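Colleague: Quick one: sequence and predicted model below, then my questions.
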Amino acid sequence: MPPAFYTDLTAALRPFLAELRDKPELFQTWDLHLELVAAGGLVVVKSKRAKGLVDSLFWGRAPGSSENKQLPEATAFAAIDRFLGLTTHLALADALPQGAVLDEAFPHCAVKLSCRKKGAPKTKSLSMIFIGFNDEADALAYAAQDGARLPLVTDRPLTGAKLHEWK
């Protein structure tokens, strides 16, 4: 079965994260955790707003290094934005099987977000792991090669026990 593409969701997530970063006053609460692995490096964004207080942490690890370093907020969000700006994205439908790892040649990002805009009737949440590609041909080749060992999403919307699209 062919994999489901997530270009529409990642394209909508870009301005949403920019709004969260640039206009936090529009949100009553949020809990954001992003982990991007790209080109052998790691970028982590953690931000939470509860009871009017915001707590954020931005850190990363350079390729080939084992030392984590704090990053400027703009640098961390720029890396995430570049990933979300890739042409095509696939997603995992479930946790990786025991011993399986994602190919570091392809950037991947875990997104866990729960937020409530001011005046919104309820909280929205998203929990997914995306894999980014330059085009659909690369994504289809990846799915053909690794799709048997990885639980790639084939039907949308994804509503699993731990991973899910907006709900």
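Modeller: Nice, I can see it. Numbering: from 1, shown residues only.
Colleague: and the biggest helix by length in the chain, which residues are buried?
Modeller: Using DSSP state H to define each element, the chain has its longest helix at helix 7-22. For helix 7-22, the neighbour count (16 or more other C-beta atoms under 10 Å) marks T7, L9, T10, L13, L17, L20, R21 as buried. Every C-beta, even on glycine, is put in place using the N, C-alpha and C of the backbone.
Colleague: my read: the second one touches H164, true?
Modeller: No - taking contacts as C-beta atoms under 8 Å, L9 lies outside contact range of H164: 11.5 Å.
Colleague: Which neighbours do the two have in common?
Modeller: Jointly contacting L9 and H164 under the rule C-beta atoms under 8 Å, 6 or more residues apart in numbering are M128.
Colleague: Throw the buried residues of helix 7-22 into TSV and include distance to F27 and pLDDT, thanks.
Modeller: Below are the buried residues of helix 7-22 laid out as TSV (distance: C-beta to C-beta, whole Å; pLDDT from 0 to 100):
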residue	distance to F27	pLDDT
T7	25	93
L9	19	97
T10	20	96
L13	15	97
L17	12	96
L20	6	94
R21	11	94
